[in-house]
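Enquirer: Build the 3D model from these lines:
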Amino acid sequence: MDIERKLIKRASLGKLVEQLRAEGKVVLAPKKKKNVVFFEPINTIDEMSTDYIATTQSPKAAAFPKSDRILKFENGKEGIKFEGQPTSVYPETVVLGLRPCDATGFDSLTAIFNWDYKDQLYNDRLAKTTFIGISCASCDAYCFCTSVKGGPGNTHGTDILLTAVDGGDFLAEIVSEKGKKLAVSGQQYFEADSGADKEKFLANVPVKFDVDTLVPKAQNSFESPVWLEQSLRCIGCGACAYVCPTCACFDMQDETTGSKGQRVRCWDSCGFGLFTLHTSGHNPREVQSARWRQRVLHKFSYMPERLNVVGCIGCGRCSRACPVDMNLSEHLVNLAEA
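Expert: Here you go, the predicted model:
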C-alpha cells in the first residue's frame, strides 16, 4: 500500500496508548532502569523513555522470547502425555518506540524461522504484533545502519513510523495494513499532514562500508587469517548475541518437577564454547577464532546466500555491549578492504 502521512501530537500519542491498553492490547515500549533501556509493558506514555539512541536490548523478544514454553508433559500410568503450547494465549501486542533498524531485524528472524520449517510460535506472535517505530534524530559512532542498506528514517518493517518534528509533534507515516487498521481505530488522534520535511529531522549516519562488496568477500574468506586476528580479544561471553536483534540461536531444555515438566526454548549463542560440543567430546569449533568466524559469516555469507537477507541491521548493540571493545563495524570495514 502507499504510505499515508499524518500528524500526531505527543499528547494524542499518549491518549492512543491509553486506548490501546483499554482495548486489551499489551503495549511494549522502552523503559529506562539506571543505565539500561529495555522494552517492557507500559500503561501510560509517561512510563516510556526517550533518552536512548538504541535500547539496550532489541524488541525481538516480542516474537522470539528469551524463554518460550514449547509444550507440557506428564508421565502417568498410561504413559507420557504431551500438551502443545496454544498460541491463542498470545496477546495482541503493540511495540512502540523501536528504531527503524530494529524493525528491519524481523526480516532476518522471519527468514530464519521460515526457512525449511514454519515456526508456528514465532509466526503467531509476529502476526499479533504491530510496530510503531520512531525515527532516529541522533546517532553515535557505533551506528552503521546505512552500511547495510537501512537508514534513520527507513519505513521498512514498521507499521507506523513516527518522526519527531518541530514542537514535539510527530509526522506519522502509515506504512502497512496493520498500521492503517490501528490508525483508523484511533483516527481521532491523527491530524492532517503538516507538510514537514522529514529528512531535516533525521540523524546523519555515515556509510562505513559497501555491503554489496563485503558479502562476496565474506563468502570467500573462510580460510582467511583475519578471523584469528579479530578474535584475539574475544572472551566468548555471548553478550553480543544476547543484545542482537537478528541472532536466532536457541537451545531446548526440559524442566521437570516430579512426573510433570515442560520443554522450553531459550536463547543461546554460537559464540559459546559448548554450543557445538558433541556427545563424543569432539567440538568442530573448538577455538574462539572459529566461533567468531561463524558469527560473522552466518550474517554476511550464509544468510545472504541461503535466505537472501543480510543478518545484521547495523544497530551497533554488539559493539556497545562488548566488555573487551570488539567493534563489529571496524571488523567489517577490515574485511571489506582485505
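Enquirer: State which strand of this protein is the longest.
Expert: Of all the segments of type strand in the chain, defined by DSSP state E, the longest one is strand 67-76.
Enquirer: Show me what the helix or strand just after that one is packed up against.
Expert: Using DSSP states H and E, the helix or strand that follows strand 67-76 in sequence is strand 79-84. For strand 79-84, the packing partners by 3 or more C-beta pairs under 8 Å, 6 or more residues apart in numbering; DSSP states H and E come out as strand 67-76. C-beta: built from backbone N, CA, C; applies to glycine.
Enquirer: so for the strand it packs on, what's the average pLDDT?
Expert: Mean per-residue pLDDT for strand 67-76: 91.
Enquirer: Now do it: distance to the chain's middle.
Expert: Relative to the centre of its chain, strand 67-76 is centred 27 Å away, using C-alpha atoms, centre = their mean, to the nearest Å.
Enquirer: the inter-axis angle of it versus strand 79-84?
Expert: Relative orientation of strand 67-76 versus strand 79-84 (axes from the mean of the first three to the mean of the last three C-alpha atoms, to 10 degrees): 150 degrees.
Enquirer: For the longest strand of the chain, name the packing helices and strands.
Expert: strand 79-84, strand 260-267.
Enquirer: could you dump those to CSV with mean pLDDT?
Expert: Compiled in CSV, the helices and strands packed on strand 67-76 are given as follows (pLDDT from 0 to 100):
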stretch, mean pLDDT
strand 79-84, 87
strand 260-267, 95
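Enquirer: With respect to burial, which of those strands scores highest?
Expert: Ranked by mean neighbour count under mean count of other C-beta atoms under 10 Å, the helices and strands packed on strand 67-76 are led by strand 260-267, which reaches a mean of 17.
Enquirer: Report the angle between it and strand 79-84.
Expert: 40 degrees.
Enquirer: helices or strands up against strand 260-267?
Expert: Other helices and strands packing on strand 260-267, by 3+ C-beta pairs under 8 Å, 6+ apart, are strand 67-76, strand 250-257.
Enquirer: Can you say which of the ones you listed is nearest to residue 178?
Expert: Among the helices and strands packed on strand 260-267, strand 67-76 comes nearest to residue 178, with 22.5 Å by C-beta to C-beta.
Enquirer: and that closest one with strand 250-257, angle?
Expert: Going by the same axes, to 10 degrees, strand 67-76 makes 40 degrees with strand 250-257.
Enquirer: what's in contact with strand 67-76?
Expert: Under the criterion C-beta atoms under 8 Å, 6 or more residues apart in numbering, residues 80-85, 121, 252, 259-267 lie in contact with strand 67-76.
Enquirer: rerun that using 6 Å as the cut-off
Expert: Outside strand 67-76, the residues within contact range by C-beta atoms under 6 Å, 6 or more residues apart in numbering are 80-85, 259-266.
Enquirer: Which residue is most remote from the mean position of this structure?
Expert: Ranked by distance from the centre of the chain (C-alpha atoms, centre = their mean), the top residue is residue 77, with 44.1 Å.
Enquirer: Helices of the stretch 151-300 of the chain, start to end?
Expert: With DSSP state H, counting those that start in this stretch as the criterion, the stretch 151-300 of the chain has helices at 177-185, 211-219, 226-231, 239-243, 288-297.
Enquirer: of those helices, which approaches residue 307 most closely?
Expert: The nearest among these, by C-beta to C-beta, is helix 211-219 at 12.4 Å.
Enquirer: Measure how that closest one sits relative to helix 288-297, angle-wise.
Expert: Using the same axes, to 10 degrees: helix 211-219 against helix 288-297 is 140 degrees.
Enquirer: Quick one: mean pLDDT over helix 211-219.
Expert: For helix 211-219, the mean confidence score works out to 94.
Enquirer: Adjust the sequence numbering to begin at 832 for everything that follows.
Expert: Happy to do that; since the first residue is 832 now, the last one works out to helix 1042-1050.
Enquirer: Buried residues, it. List them.
Expert: 1042, 1045-1046, 1048-1049 (16 or more other C-beta atoms under 10 Å).
Enquirer: what does stretch 994-1013 give?
Expert: Of the residues in stretch 994-1013, those buried (16+ other C-beta under 10 Å) are 994-996, 1000-1007, 1009-1010, 1013.
Enquirer: likewise stretch 1128-1146?
Expert: Of the residues in stretch 1128-1146, 1128-1132, 1134-1135, 1138, 1140-1146 count as buried by neighbour count, 16+ other C-beta under 10 Å.
Enquirer: circling back: for the helices and strands packed on strand 898-907, which one sits closest to residue 863?
Expert: strand 1091-1098 (22.5 Å).
Enquirer: How far away from the center of its chain is that closest one?
Expert: 22 Å.
Enquirer: List the contacts of it.
Expert: When contacts are defined by C-beta under 6 Å, 6+ apart, strand 1091-1098 is touched by residues 897-905, 1081-1086.
Enquirer: What is the nearest of those to residue 1028?
Expert: Proximity of the contacts of strand 1091-1098 to residue 1028 (C-beta to C-beta) peaks at residue 897, which lies at 40.1 Å.
Enquirer: could you check the distance from that closest one over to residue 1122?
Expert: 21 Å (C-beta to C-beta, to the nearest Å).
Enquirer: out of these two, which sits in the busier spot?
Expert: residue 1122 (22 against 13; other C-beta atoms under 10 Å).
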